[in-house]
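Q: predicted model and sequence follow; I will ask about them next.
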Amino acid sequence: MYDSLTRQNYKSYIFIPYNFGYHWILLILSVETGNLIVFDSMRNSKSAIQHILDPLNRVWKKIVKNNKGRGQWRPELNVNMDYPCARQQQGTDWCGYYVCDYLHIMTPCGKATDEDTRMSQMGDECYSTDRINAVCEQLAGFILNEILDPRGEFYHDGHIHRGLPSTS
């Protein structure tokens with residue numbers, strides 16, 4: 001976890017989709033402020049995700065310690081569980097689609113929008129079946145065009161590419 005986060009510490013935000021107990025949530029770490037925003041469509045309590053918050057906090061403390069002089073980072077993560085985001089309807093298993101939509105809303109995708117504008121698009125309402133279907137279509141389109149298509153940005157031909165053998 002430490003290695004993954006330190007490779008990303010030059011970014012403003014680190015997006016962490018996380019699954020526990022058959023439920024997806026999205027954690028957004030603001031590297032500059034040390035704020036960790038939790039987007040949970042089921043509104044679980046903090047204790048329900050304490051098992052990931054504790055290791056994240058330990059890693060954060062190590063990052064702060066090893067990067068002294070690079071700014072004023074708070075010594076512990078400030079966890080915000082009450083950020084407004086769409087609620088999942090009881091009895092549905094749509095949490096993964098909510099996380100996909102949160103990611104889509106939060107990444108600007110070339111649009112000139114600020115964070116507050118993107119956050120306000122979240123709302124606090126349950127998604128309709130039509131919106132979930134739209135998320136499904138977007139996700140399927142992304143997989144087809146960017147992952148499965150050999151011209152896609154994230155296409156992988158299945159081979160493990162290794163460096164050339166050393167000559168020494």
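A: It's in.
Q: ok, Trp73 - how many residues close by?
A: Counted with other CB atoms under 10 Å, residues neighbouring Trp73 total 19. To be clear about C-beta, it is placed using only N, CA and C from the backbone, and glycine gets the same treatment.
Q: could you do Asp101 as well?
A: Residue crowding around Asp101 was assessed by other CB under 10 Å; the count is 25.
Q: give the contact list for the closest residue in space to it that isn't next to it in sequence.
A: Ranked by CB to CB, 6 or more residues apart in numbering and with sequence neighbours excluded, the top spatial neighbour of Asp101 is Val135, at 4.9 Å. Residues in contact with Val135 (CB atoms under 8 Å, 6 or more residues apart in numbering) are Tyr97, Cys100, Asp101, His104, Tyr127.
Q: sticking with Val135, tell me its helix or strand.
A: Taking DSSP states H and E as the criterion, the element that holds Val135 is helix 129-142.
Q: likewise Asp101?
A: Counting by DSSP H and E, Asp101 is found in helix 95-106.
Q: quick one: that helix to helix 129-142, angle?
A: Regarding helix 95-106 and helix 129-142, their directions subtend 70 degrees when assessed with axes from the mean of the first three to the mean of the last three CA atoms, to 10 degrees.
Q: and helix 95-106, what's buried?
A: Of all the residues in helix 95-106, those buried under the rule 16 or more other CB atoms under 10 Å are Cys95, Gly96, Tyr97, Tyr98, Val99, Cys100, Asp101, Tyr102, His104, Ile105, Met106.
Q: separation between the closest residue to Leu148 other than its chain neighbours and Cys100?
A: In this structure, Leu148 finds its nearest non-sequential neighbour in Tyr155, 7.1 Å apart by CB to CB, 6+ apart. In this structure, Tyr155 and Cys100 are 20 Å apart, going by CB to CB, to the nearest Å.
Q: for Ser12, same thing?
A: Taking CB to CB as the measure, Ser12 falls 21 Å from Cys100.
Q: same check on Ser45?
A: Relative to Cys100, and taking CB to CB, Ser45 is found at 24 Å.
Q: by mean pLDDT, point me to the weakest helix or strand of the protein.
A: Comparing every helix and strand of the chain by mean pLDDT, DSSP states H and E singles out helix 115-120 as the least confident one, with a mean of 50.
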